[in-house]
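Q: Sequence and predicted model, in that order:
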Amino acid sequence: MYLLPKVLSKAIRKGRLTLHGPGGETHVFGAEPGPEVTIRVHDASFDWKIALNPELRAAEAFMDGVLTVEDGPEGGSAWDLLEIFFLNKREFDLSPGQIAIKAWEKAIRRALQHNRLAQSRRNVAHHYDLGNDFYRKWLCGDMQYSCAYYPSGDETLEEAQLLKKRHIAAKLRVEPGMKVLDIGCGWGGLGLYLAAVTGAEVTGVTLSTEQLAIARARAEAAGLSDRCRFELIDYREVEGSFDRVVSVGMLEHVGVGHLQEYFLKVRDRLAPEGLALIHSISTKAPPGITGPFLRKYIFPGGYAPSGSEAMLAVERSGLWMLDTEVWRVHYATTLRDWRMRFQAVRPEVEAMYDERFARMFEFYLAACDGAFRYGSSNVMQWMLGRERDAAPLHRNWIAPRSARLAAREAETDAVARIEAATRAAFGEAEAPGGAGLRVVS
């Protein structure tokens, strides 16, 4: 091997990486303190293939077993490999091949994210219709598949996901009887919470047939179908007026060329005195691109917009920016918890799909964890309104409302009822291992 050792010798500064090549050769890189990781390459052709597209080819080599991690802090996982990569990412990004590839992808990024209605449905199905039983194995009991909220940092995943829903409901000041639109409702957890705890009338929309089936079954089992309805429809096709619009983890699937269209739709669906809360992955960096591995294997058409891109679309929509909250490492903690749960059920995932799929998904969760823990990724919550005084002129309302919502959860036993409804929707007598919502204050 020649090219790979040459790149690694220049890039690896922090930590210690030991590389065993297919011909029995061994190379050691790095001198500064950091994780110690050992990898092995089993195919000599990987030496030149990785130069064609380093990020994509490295991921595919891990998926195919061409590159294996033999030792590291986690015993030889994708995280071991990717943590040492992220710690030295700046040096990797300065390689000539990586610079050329990113320049080309930025030039054509609008074409890569041209999410027409039909294409959006296919993109959603690619990831979210993998099967409800698959996601049930490692997500929290409420099937939340977005950034959780860890205000103290030591919450369990269930606690953090419940705190997220409560925080959103408090910020939006949702009252009984209000009409709420949930764009990208997933398996319905947030909508069910708003209906059960605040007494709102919720309409959730999704493009995933798998998610829709569970969301509707949960609403039926919880006795909430009369005020929590879920529809298989694109956000661009929604009609009507709503007191509140909420969208968690949906903006990332819109595409850079459709940001303006998205915020105009939020504006048009919002009542004059209404509030909207958009919860999205973003970045502290300038506008960029979606990595080739994520784009090809995980989220085709997906893109997390920079703050400047999102704000330009908001400004052009005529909406007021009423509040901005930056969640920094909350998603890294969420992804850490997901990774641990996924690894715990890894044999079941391999039996359900195959080893290559399991390695792909492991790599995806680890790569995203690294992006939020060491990279420039973060999560933003933007609160928008058609009028500048749609929300109070301070943020002091959030904590008292959160406390009232916590009390309401306990009074109505809403969390336990939704948990029971979820088990019924999946045909379970008991909650799966490690799952189960907990009421926290």
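A: Looks like it came in fine.
Q: all strands of the chain, in order?
A: In the chain, the strands defined using DSSP state E lie at 14-20, 26-29, 32-41, 67-71, 179-183, 201-206, 228-232, 242-248, 270-283, 320-327, 377-385.
Q: Within the sheet, what are the partner strands of the longest one, with directions?
A: Put plainly, it is strand 270-283. Partner strands for strand 270-283, per DSSP bridges, with pairing direction: strand 242-248 (parallel), strand 377-385 (antiparallel).
Q: Check the fourth one too.
A: In the sheet containing strand 67-71, its partner strands are strand 32-41 (antiparallel), by DSSP bridges.
Q: any idea of the mean pLDDT for the partner strand?
A: Strand 32-41 shows a mean pLDDT of 97.
Q: Near the closest residue to Arg40 other than its chain neighbours, how many other residues are there?
A: Nearest residue to Arg40 in three dimensions, chain neighbours excluded: His20, at 4.3 Å (C-beta to C-beta, 6 or more residues apart in numbering). No exception for glycine: its C-beta is placed from N, CA and C like everyone else's. Using other C-beta atoms under 10 Å, the number of residues around His20 comes to 17.
Q: buried set for stretch 220-235?
A: Of all the residues in stretch 220-235, those buried under the rule 16 or more other C-beta atoms under 10 Å are Ala221, Ala222, Leu224, Arg227, Cys228, Arg229, Phe230, Asp234, Tyr235.
Q: hang on, the first one packs against Ala424?
A: Meaning Ala221. Yes. Here Ala221 lies in contact with Ala424, judged by C-beta atoms under 8 Å, at a distance of 4.0 Å.
Q: just to revisit the earlier point, could I get the strands of the chain in JSON lines, plus columns for distance to Met340?
A: As requested, the strands of the chain are exported to JSON lines (distance: least, C-beta to C-beta, whole Å):
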{"stretch": "strand 14-20", "distance to Met340": "22"}
{"stretch": "strand 26-29", "distance to Met340": "28"}
{"stretch": "strand 32-41", "distance to Met340": "17"}
{"stretch": "strand 67-71", "distance to Met340": "17"}
{"stretch": "strand 179-183", "distance to Met340": "28"}
{"stretch": "strand 201-206", "distance to Met340": "27"}
{"stretch": "strand 228-232", "distance to Met340": "30"}
{"stretch": "strand 242-248", "distance to Met340": "23"}
{"stretch": "strand 270-283", "distance to Met340": "21"}
{"stretch": "strand 320-327", "distance to Met340": "20"}
{"stretch": "strand 377-385", "distance to Met340": "20"}
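Q: Between these, which one is closest to Met1.
A: Met1 lies closest, by C-beta to C-beta, to one member of the strands of the chain: strand 32-41, at 6.9 Å.
Q: ok now that closest one, how far from the chain's centre?
A: 28 Å (C-alpha atoms, centre = their mean, to the nearest Å).
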